[in-house]
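Student: Predicted model follows, preceded by the sequence.
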Amino acid sequence: MKRQVETYLPTKYGNFNMIIYADSADDIKPHFVICHRKLDLTKPVAVRIHSECLTGDLLGSQRCDCGEQLATALGIINERNGVVIYLRQEGRGIGLINKLKAYNIQDTGRNTVDANTDLGFKPDMRKYDIGIQILEDLGITEIDLITNNPRKIEAIENSKIKLNDRVPLVIPSNIENEEYLQVKKELMGHLY
């Protein structure tokens, strides 16, 4: 995997550079980075490693807090000259089709963890090694990780990247995602 292209991207959150990472220029689903234009590598960099959530990030789904987490993280990296790494691993790594099948199972009363296991998957199939490779390529050696997920913390702690601090990313629940967030806390160990 390598950098394919980098360009200036002004957004409503701030002015960033967008960097695309893929094995080849033909990759139709590359990972990407939103990077503050004044990235300072002499101090810990605020970093969000965000896994794709088409329903939340793009459509504003209320079933999860993903879209709001991404928007909040973009605000944080604008304020702190940081980075969002966007990994293309939809639905905790099971893909969009299976994620929607899991939604249907959840609608029968099963929780998000049970729905994934009912489909034959682990509760969370995501991997963060690509995110770590991207951090290394960017020259980032020390971070303040914007996360509630203990698996992301563990991935960084088991890498060459120094974890300086964890920045909580707490999004208020709504009627549609209250149980989902509780399951993430109780069964997946998310830190709020």
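Tutor: Cool, the structure landed. Numbers count the residues shown, from 1 in each chain.

Student: what's the helix or strand for the spatially closest residue to residue 144 that is not a sequence neighbour?
Tutor: Nearest non-adjacent residue to residue 144, counting by C-beta to C-beta, 6 or more residues apart in numbering: residue 165, 4.4 Å away. In this view, the C-beta of every residue, glycine as well, is placed from N, C-alpha and C. Using DSSP states H and E, residue 165 sits within strand 162-167.

Student: and what of residue 170?
Tutor: Applying DSSP H and E, one finds residue 170 in no helix or strand.

Student: That one: what's it in contact with?
Tutor: Residues near residue 170 by C-beta atoms under 8 Å, 6 or more residues apart in numbering: 148, 192.

Student: burial of the residue nearest to residue 144, as a residue count?
Tutor: Neighbourhood size, residue 165 [other C-beta atoms under 10 Å]: 11.

Student: cool, residue 131 as well?
Tutor: Number of residues near residue 131 (other C-beta under 10 Å) recorded here: 27.

Student: ok, so what distance separates it from residue 114?
Tutor: 27 Å (C-beta to C-beta, to the nearest Å).

Student: about what we covered before: toward the C-terminus, what is the element adjacent to the strand holding residue 165?
Tutor: Downstream of strand 162-167 (by DSSP H and E), the next one is helix 178-188.

Student: ok, and what's touching that following helix?
Tutor: 63-65, 111-113, 123-124, 148-149, 173, 190, 192.

Student: if you set the cut-off to 7 Å instead, what comes out?
Tutor: 63, 64, 65, 111, 112, 113, 123, 124, 173, 190, 192 (C-beta atoms under 7 Å, 6 or more residues apart in numbering).

Student: With that, I have no additional questions.
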